[in-house]
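Visitor: let me see the structure of the following:
(2 chains)
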Amino acid sequence: MIRDIDLMIVGGGPAGLMAALAAAEAAPEGAKILLCERDEALGGQLVKQTHKFFGSEKQHAGERGIFIGRGLSDAVHAEAKIEVMTDATVLGLYEDGIVTVLNDDKHLKFRPRKLIVATGASEKFLAFPGNDLPGIYGAGAVQTLMNVSGVKPAERVVMVGAGNIGLIVSYQLLQAGVDVACVVEAAPKIGGYLVHASKLARSGVPIRTGWTVKEAFGDQELEGVVLIRLDENFQPIEGTEETVYCDTLCLAVGLSPLAELLYQADCAMTYVRELSGAVPVVDEDLMTSVSGIYVCGDVSGIEEASSAMVEGRLAGFAAAKALGWNADLAQAEIEKAREELNELRSGPTGARIRAGIAKVQERREGSC
Amino acid sequence: MRIEQHPILSFDRGEKVTFVFNGRPVEGYTNETIAAALHAAGIRTLSHSPELDRPRGLFCAIGNCSSCRMTVDGEPNVRICVTKVREGMTVEEQSGKGVVKP
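Guide: Below is the predicted model of the structure:
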């Protein structure tokens, strides 16, 4: 049986939740909006963000990520126009518009008039000898173990990457009673916000810029790593090796958009370094090259959760507008969301994102 | 080990249950994933690579990668990082790609 619905949203993280709420705000009574989330609960990666967010009040600045996630999840569950399906993995987008979903061991089929893909991202890996030893994790994985499950994930950690995730997770490891030996960062400068770096420095955790992992060692499980210094061209300087004993190595070396579904749907994709990977070519309404398929959040380029939430609102109202739902409201909200995104991406910290988005636009215009 | 005191969080672990990991009993809680319960018990090696037999552990903990696949109650390739613990469940290391029983 194929179920016809108006709008399907894939992913219940910050972007998908906001998209669902936005669409519901514009939708008439009786509209069918379905939100599919592969996990058993909504919230995406907000469920493990114990730190307070930045940005402006509109994006919940000053609130801890977990509470933002709970608030959005509650609002979505309370909205009668949104049907929530958890434990629901979207498996396929077919050329005839059918979307297949695995839910409770059943293979379900839907035919949505519009689709918003908000699948987020996955953690990047790093190549070095011994990188497959148990005890080497994505930084997000130890964050899940300690902040969602309440399990102490390690005794002594070396963190790779001094971007925001590396800095924040290192501090959260300290809060969970874990010893953080050091944070190593290949770049000559700390990439994350100074406020996070200062907290670590005050706690006595060295942040070693211009260093990387040469290799990991251990019999059966990780016992330590060999660090090595890098020159200004990121080449290792022989003779600078240093051994650090640890039971856990965390990789916080960036995220990649989780775009498999977009490839399946044959959306035009383009590699943009500033957005951390291959991203869909989108228009001002965040619609991909395939009519009716929209994107928001990390799948359209890696950014902060605050931008993901605003992108979610933009995509939600854009889909609503395309469905003919309350066009005036939708248009006004789309413009507001665009302004908010411009604000969030303004200033020196947004320069990289702005450059990335400009590349996407160039390539879209080039292909028209 | 489980975190008993945390400056921000409190944990609703659910009910205590016992499951079987590679033939031996392990305690866990119903709101924990199998991966979390095994980590709390100090177990981090979940499988071995099919060709070189190198030990493998968890990597992403959110169901993206395939590093944590194990056989659960006879079903192979279960991502134990997103599967909750149940009383009496059997969790086994699987060899290679696993075997689906008819």
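Visitor: when you work out contacts or count neighbours from here on, use the C-alpha atoms and nothing else.
Guide: OK.
Visitor: what does chain B have sitting close to chain A?
Guide: For chain B, the residues in contact with chain A (CA under 8 Å from any CA of the partner chain) are B:1-9, B:11, B:13, B:31-33, B:36, B:39-40, B:44-45, B:54-62, B:64, B:82.
Visitor: of these, grab the buried ones for PyMOL.
Guide: Filtering the residues of chain B next to chain A down to the buried ones (16 or more other CA atoms under 10 Å in any protein chain shown) takes a single PyMOL command:
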select buried, chain B and resi 1+2+3+9+11+31+32+33+36+39+40+44+45+55+56+57+58+59+60+61+62+82
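Visitor: so of the residues of chain B next to chain A, which ones are in strands?
Guide: B:55-56 (DSSP state E).
Visitor: what segments of chain A are helices?
Guide: A:14-26, A:65-78, A:139-143, A:164-175, A:194-202, A:260-264, A:305-322, A:327-344, A:351-367 (DSSP state H).
Visitor: ok, the fifth one near chain B or not?
Guide: No: no part of helix A:194-202 sits close enough to chain B to count as contact by CA under 8 Å from any CA; the gap is at least 15.1 Å.
Visitor: who does the lowest-mean-pLDDT helix or strand in chain B touch, helix- and strand-wise?
Guide: In chain B, the helix or strand scored least confidently by mean pLDDT, DSSP states H and E is strand B:47-48, which has a mean of 91. The elements that strand B:47-48 packs onto, with contact taken as 3 or more CA pairs under 8 Å, 6 or more residues apart in numbering or on different chains; DSSP states H and E, are strand B:55-56.
Visitor: partners of the strand it packs on in the sheet?
Guide: strand B:47-48 (antiparallel) (DSSP bridges).
Visitor: starting at the chain centroid, how far to the strand it pairs with?
Guide: 12 Å (CA atoms, centre = their mean, to the nearest Å).
Visitor: for that strand, which outside residues touch it?
Guide: By CA atoms under 8 Å, 6 or more residues apart in numbering or on different chains, the surrounding residues in contact with strand B:47-48 are B:54-57, B:68-70, B:93-96.
Visitor: change it to 7 Å
Guide: The contact list for strand B:47-48, computed with CA atoms under 7 Å, 6 or more residues apart in numbering or on different chains, reads B:54-57, B:93-94.
Visitor: tell me which of those residues is nearest to residue A:249?
Guide: residue B:57 (12.2 Å; CA to CA).
Visitor: which residues are in contact with that closest one?
Guide: So residue B:57 contacts A:133-135, B:44-47, B:67-68 (CA under 7 Å, 6+ apart).
Visitor: Serialize these to CSV and add fields for distance to residue A:62.
Guide: Putting the contacts of residue B:57 into CSV (distance: CA to CA, whole Å) gives the following:
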residue, distance to residue A:62
A:133, 38
A:134, 36
A:135, 33
B:44, 36
B:45, 39
B:46, 39
B:47, 42
B:67, 36
B:68, 35
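Visitor: just give me how far stretch A:35-47 sits from the chain centre.
Guide: With CA atoms, centre = their mean, you get 12 Å for stretch A:35-47.
Visitor: isn't residue A:41 right up against residue A:86?
Guide: Yes: counting by CA atoms under 7 Å, residue A:86 is a contact partner of residue A:41 at 6.3 Å.
Visitor: which residues of the stretch 1-150 of chain A lie near chain B?
Guide: A:122, A:132-138, A:140-141, A:144-145, A:149-150 (CA under 7 Å from any CA of the partner chain).
Visitor: show me these that map onto strands.
Guide: Checking the residues of the stretch 1-150 of chain A next to chain B against DSSP E, those in strands are A:122, A:136-138.
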